[in-house]
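[1] 3D, please:
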Amino acid sequence: MTGVLLRFASTAVLVIPAVSAAQEFRLRVPLGLDERALVIPADNPLTQEKIDLGKQLFFDRRWSKTKTVSCASCHQPQRGWSDDRRVSVDHDGKPTRRHAPTIINRAFGTIEGWAGHRESSEDLLAKLPFTSAKAIEANLGSVPGYQSQFQRVFGTGVTADGVAKAIAAFQRTLLSGNSASSVGRSAICKDRPSRTVRPATVPRIRGRVSAGIGP
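    Next up, the predicted model:
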């Protein structure tokens, strides 16, 4: 056990456990979702500071090549973390070939991208076409706030790898559950956890979306 020893005049010794500045963060999973199915990479554990950093970066346009788009440009919170356009647009304002999907419940995903061509959220974010490692370092590397945050979270300067990991961590807190259909599935499967209930057996009712914040 690591800690700080405080020695008094008497023979008693008080051991105060050392507290890490980056304590692991536990998601609070809504009813209807299986906590056992969460996919949290071993090399990117969740911490509160990392999630906070990822949230900032998610809405910051400065890390794109043209400083005109952010993740939130296509994954709009008010639109279910998706896009209300038929197809999304790139950093030059030109239509892309695809519509940006919702990022809700991606904490359960094992592959990413419409074509399933990325192995994780980190892999997808690191290879987004609207930015690059060079653009990230040039646009954010000199920002004092980000310099100190990256140092605290990753022990490094601003890097593309850190940006990808921080945003992926934030995205994994976007969970949706506790809807009528979630409650129905939970009740049906309560005594049979291995059984899969077909979606057609429960009403299709819109659920709630919330950040999975919890102790």
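[2] which element follows the lowest-mean-pLDDT helix or strand in the chain toward the C-terminus?
    Comparing every helix and strand of the chain by mean pLDDT, DSSP states H and E singles out strand 13-17 as the least confident one, with a mean of 32. Tracing the chain past strand 13-17, the next element assigned as helix or strand by DSSP states H and E is helix 48-59.
[3] what's the neighbour count on residue 97?
    7 (other C-beta atoms under 10 Å). C-beta: built from backbone N, CA, C; applies to glycine.
[4] do you know how far it is from residue 75?
    Relative to residue 75, residue 97 is positioned 17 Å away (criterion: C-beta to C-beta, to the nearest Å).
[5] okay but residue 41 is in contact with residue 120, surely?
    Yes. At 6.3 Å, residue 41 and residue 120 qualify as touching, with contact defined as C-beta atoms under 8 Å.
[6] which one is residue 35 nearest to, not counting chain neighbours?
    Across the structure, with C-beta to C-beta, 6 or more residues apart in numbering as the measure, the residue nearest residue 35 apart from its sequence neighbours is residue 29 (4.5 Å).
[7] cool, residue 95 as well?
    Counting by C-beta to C-beta, 6+ apart, residue 87 is the residue found nearest to residue 95 once chain neighbours are left out, at 5.0 Å.
[8] How about the secondary structure of the one you found?
    Assigned with DSSP: H, G, I helix; E, B strand; the rest coil, residue 87 falls in the coil class.
[9] need the contact list for it.
    95, 96, 97, 98, 99 (C-beta atoms under 8 Å, 6 or more residues apart in numbering).
[10] ok now the helix or strand hosting residue 147, how far from the chain's centre?
    Element membership of residue 147 [criterion: DSSP H and E] is helix 144-154. Going by C-alpha atoms, centre = their mean, to the nearest Å, the spacing between the C-alpha centre of helix 144-154 and its chain's C-alpha centre is 18 Å.
[11] So what touches the very next helix or strand once past that helix?
    Next in sequence after helix 144-154, counting helices and strands by DSSP H and E, comes helix 160-171. Outside helix 160-171, the residues within contact range by C-beta under 8 Å, 6+ apart are 44, 46-47, 50-51, 53-55, 57-58, 63, 71, 103, 106-107, 120-123, 125-126, 131-133, 136-137, 140, 150, 153-154, 156.
[12] Quick check: which ranges of this structure have low pLDDT?
    Screening the chain residue by residue with the criterion pLDDT under 70, one finds the ranges 1-22, 88-93, 180-215.
[13] one more time with 80
    Low-confidence segments of the chain, defined by pLDDT under 80, span residues 1-24, 83-100, 113-117, 179-215.
[14] circling back: which of residue 41 and residue 120 has more neighbours?
    Looking at residue 41 and residue 120 with other C-beta under 10 Å, you find the greater number of neighbours at residue 120, namely 19 against 16.
[15] ok, now which ones touch that one?
    By C-beta under 8 Å, 6+ apart, the residues touching residue 120 are 39, 41, 112, 168.
[16] do you know how far it is from residue 55?
    19 Å.
[17] next one: residue 141
    Taken as C-beta to C-beta, the span from residue 141 to residue 55 is 20 Å.
[18] In terms of packing, which of these two has more residues around it?
    Set side by side, residue 141 and residue 55 show more neighbours around residue 55, with 18 against 13, by other C-beta under 10 Å.
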